[in-house]
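J.: just to be clear, the model below is a prediction. Sequence and coordinates:
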Amino acid sequence: MARGKQPAKAKAPRTTELTRTVEEFEAAFWPDDQPVDNAVVMTMGALHAGHAALIRAARRQVGRDGRVAVTVFVNPLQFGAGEDLERYPRTLDADLEVAREAGADVVFAPTVEEVYPNGEPLVRLSAGPMGDGFEGASRPGHFDGMLTVVAKLLHITDPDFAFFGEKDAQQLAIVRRMVADLDFDVEIVGVPTVREEDGLALSSRNRFLSDTERGQALALSRALFAGRDAGAQGAKAVREAAAAVLDGADGVTPDYLALIDPDSFTEVPDDFTGEALLAVAAKVGPARLIDNVGVIVR
């Protein structure tokens, strides 16, 4: 358990402190000698209602007397050639307000130089076989960069709990496996995907969509829901029902549609039964979108 447990003192109304260096973060997040349950939510900023749900879940987990940190860092190691590092939205003032309203105590928004003081790290973590397929195949090196920064931020924030969204299902699976394989003393908590009323999964990249493209993007969630509803008919029926929605959808260029074992992140065979993830990735306008739903295959 990180840094022990002792009863906390009564608190004044919560404020959210912005910190930019490790030293500032440690002073703000550990202000006295009475550690309590604490949690971290790692983000790349451009916070929306989905991130707020993660922060609220973290607050519920640690209670009013616990501590919740939100990291805001656009990690260059996660972006490959031709990806959108430079145009990735950076909205720190708005992010601070979202974090405050959702119940965060501290926002840690370091510079690249603070996280990687010696330049790009020569030694990095590898996602191994779990990072080779699906998102890893489309974005080589992405998960290695993600794991490297997650490991660094776990060391810096030293949390009891770390919260990740289930929309990034492969990321969540790989982080959980890293924690298990490398003996990190933290519990990884997945939080369900937050959707608009029409089913569109919330994403920072949705802001790049025009109104027409946003309507086209609904094909992703419709395909997933159709596949989920076919679960009682077997794995093959799940894939076929989802593919029938995606095939020919205007403005949608699919990357993959797969029925996946959530632990190993490999595609399940047609005779599979049990809990699986139906995952999709597609290009819609300028944005590459991902989504998934859980499916009970019978």
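T.: Received, thanks.
J.: what about residue 95, which SS state?
T.: helix (DSSP: H, G, I helix; E, B strand; the rest coil).
J.: next one: residue 45
T.: Recorded secondary structure, residue 45: coil (three-state DSSP).
J.: how many residues are close by it?
T.: 21 (other Cβ atoms under 10 Å). Backbone N, C-alpha and C define where each C-beta goes, glycine included.
J.: OK, contacts around it?
T.: Residue 45 makes contact with 72-74, 89-92, 95, 109, 204 under the criterion Cβ atoms under 8 Å, 6 or more residues apart in numbering.
J.: now the phi/psi pair for it, please.
T.: phi 80, psi -160 (degrees, to the nearest 10).
J.: for it, give its distance to residue 233.
T.: In this view, residue 45 and residue 233 are 42 Å apart by Cβ to Cβ, to the nearest Å.
J.: find me the pLDDT at residue 15, would you?
T.: Per-residue pLDDT puts residue 15 at 88.
J.: verify the contact between it and residue 99 for me.
T.: No: the criterion here is Cβ atoms under 8 Å, and residue 15 misses it with residue 99 at 10.9 Å.
J.: settle it for me: which of those two has more neighbours?
T.: residue 99 (26 against 9).
J.: excluding its backbone neighbours, what's nearest that one?
T.: In space, not counting the residues next to it along the chain, residue 99 is nearest to residue 70; the distance is 4.7 Å by Cβ to Cβ, 6 or more residues apart in numbering.
J.: which residues does that neighbour bridge with?
T.: Applying DSSP bridges to residue 70 gives these bridge partners: residue 41, residue 107.
J.: ok so, going back, now for the contacts of residue 45: which two are most distant?
T.: Spatially, the most separated pair among the contacts of residue 45 is 109 and 204, at 15.3 Å (Cβ to Cβ).
J.: the two: which is more packed in?
T.: residue 109 (21 against 18).
J.: look up how far residue 78 lies from that one.
T.: From residue 109 across to residue 78, the span is 17 Å (Cβ to Cβ).
J.: how about residue 216?
T.: 26 Å.
J.: those two: which is more packed in?
T.: More crowded of residue 216 and residue 78, by other Cβ under 10 Å: residue 78, with 21 against 18.
J.: would you agree the more buried one is in contact with residue 148?
T.: No: when contacts are counted by Cβ under 8 Å, residue 78 is not listed as touching residue 148 (9.0 Å).
J.: need the contacts of residue 45 in TSV (columns: secondary structure, pLDDT and distance to residue 162).
T.: Formatted as TSV, those follow (DSSP: H, G, I helix; E, B strand; the rest coil; pLDDT from 0 to 100; distance: Cβ to Cβ, whole Å):
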residue	secondary structure	pLDDT	distance to residue 162
72	strand	98	15
73	coil	97	14
74	coil	94	19
89	coil	82	23
90	coil	91	23
91	coil	94	23
92	helix	96	21
95	helix	97	18
109	coil	98	17
204	helix	89	19
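J.: out of the residues you listed, who's nearest residue 242?
T.: Taking the contacts of residue 45 together and measuring to residue 242 by Cβ to Cβ, the closest member is residue 204, at 24.5 Å.
J.: my guess is that closest one contacts residue 48. True?
T.: Yes: with contact taken as Cβ under 8 Å, residue 204 and residue 48 are classed as touching, separated by 6.6 Å.
J.: what is the burial count for residue 271?
T.: Neighbour tally, residue 271, other Cβ under 10 Å: 9.
J.: helices or strands next to the lowest-mean-pLDDT helix or strand in the chain in the packing?
T.: Among the helices and strands of the chain, helix 135-138 carries the lowest confidence by mean pLDDT, DSSP states H and E, at a mean of 94. Using 3 or more Cβ pairs under 8 Å, 6 or more residues apart in numbering; DSSP states H and E, the elements in contact with helix 135-138 are helix 142-157, helix 169-181, strand 252-260.
J.: still on that earlier bit, and the residue nearest to residue 99, how far from residue 42?
T.: To residue 42, residue 70 is 8 Å away according to Cβ to Cβ.
J.: show me what whichever helix or strand residue 26 is part of is packed against.
T.: Taking DSSP states H and E as the criterion, residue 26 maps to helix 22-29. With contacts taken as 3+ Cβ pairs under 8 Å, 6+ apart, helix 22-29 sits against strand 17-19, strand 67-72, strand 106-108, helix 142-157.
J.: what is the orientation angle of it with helix 142-157?
T.: 60 degrees (axes from the mean of the first three to the mean of the last three Cα atoms, to 10 degrees).
J.: against residue 275, how distant is the closest residue to residue 67 other than its chain neighbours?
T.: Once flanking residues are discounted, residue 67 sits nearest to residue 38: 4.1 Å by Cβ to Cβ, 6+ apart. Look at residue 38 and residue 275: by Cβ to Cβ, they are 31 Å apart.
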